[in-house]
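Peer 1: sequence plus the predicted model coming up.
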Amino acid sequence: MPGAKRPLALALLLGSLAVTLPACTQVEEAETDYSPTEVKPIPGKEEQQVTFNAEAVRRAGVQTAHVATSGGHTFIPYAALIYNEDGDTFTYVSPKPRVYFREPIRVDHIAGNRVVLKRGPTVGTEVVTTGAAEVYSAEFGVEE
């Protein structure tokens, strides 16, 4: 009788599949107008203003630091330095919480974790040190 168990096991297996397969359904993707970011042109500039909602800031881990001065030199943290595909340098400044825009900068030299500027944002300006890639992606519409 050992061979009689095989058809029973096969019948049970096929029966269990028949029970679960009808439960599978195709789900359509819902359309939504929700966006965690908003991008607006800045009049007279090539750069755009990017605004994140609070959840987007949290998920991207956006952090900022202040432009500082020491020994007559103005500097930003090295983490705030961004290069574009043409090799131009810029940083994202944050004039108010969750609002960012690219500001072109001119680098004099890099000293450790500091980027000494020839030209850039004024002392005390907030610059993005963590999450700049996400801000860049939002500005230029780069998809994940």
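Peer 2: Alright, I've got the coordinates.

Peer 1: show me where pLDDT drops low in the chain?
Peer 2: 1-25, 27, 29-30, 32-33, 142-144 (pLDDT under 70).

Peer 1: where do the helices of it begin and end?
Peer 2: 5-20, 54-60, 132-140 (DSSP state H).

Peer 1: and the strands in this structure?
Peer 2: For the chain, strands defined by DSSP state E occupy the ranges 37-41, 48-52, 63-66, 68-70, 73-77, 82-83, 89-96, 99-104, 106-111, 114-119, 126-130.

Peer 1: so which of those gets nearest E139?
Peer 2: Nearest of those to E139, taken as Cβ to Cβ: strand 48-52 at 5.0 Å. Glycine gets a C-beta too; all of them are placed from N, C-alpha and C.

Peer 1: ok so, going back, any chance of the strands of the chain in a markdown table, plus mean neighbour count and distance to F140?
Peer 2: Conversion of the strands of the chain to a markdown table gives the following (neighbours: other Cβ atoms under 10 Å; distance: least, Cβ to Cβ, whole Å):
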| stretch | mean neighbour count | distance to F140 |
| --- | --- | --- |
| strand 37-41 | 14 | 9 |
| strand 48-52 | 19 | 9 |
| strand 63-66 | 16 | 20 |
| strand 68-70 | 12 | 29 |
| strand 73-77 | 20 | 21 |
| strand 82-83 | 14 | 12 |
| strand 89-96 | 18 | 12 |
| strand 99-104 | 20 | 10 |
| strand 106-111 | 13 | 22 |
| strand 114-119 | 16 | 22 |
| strand 126-130 | 21 | 15 |
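
Peer 1: no more questions from me, cheers.
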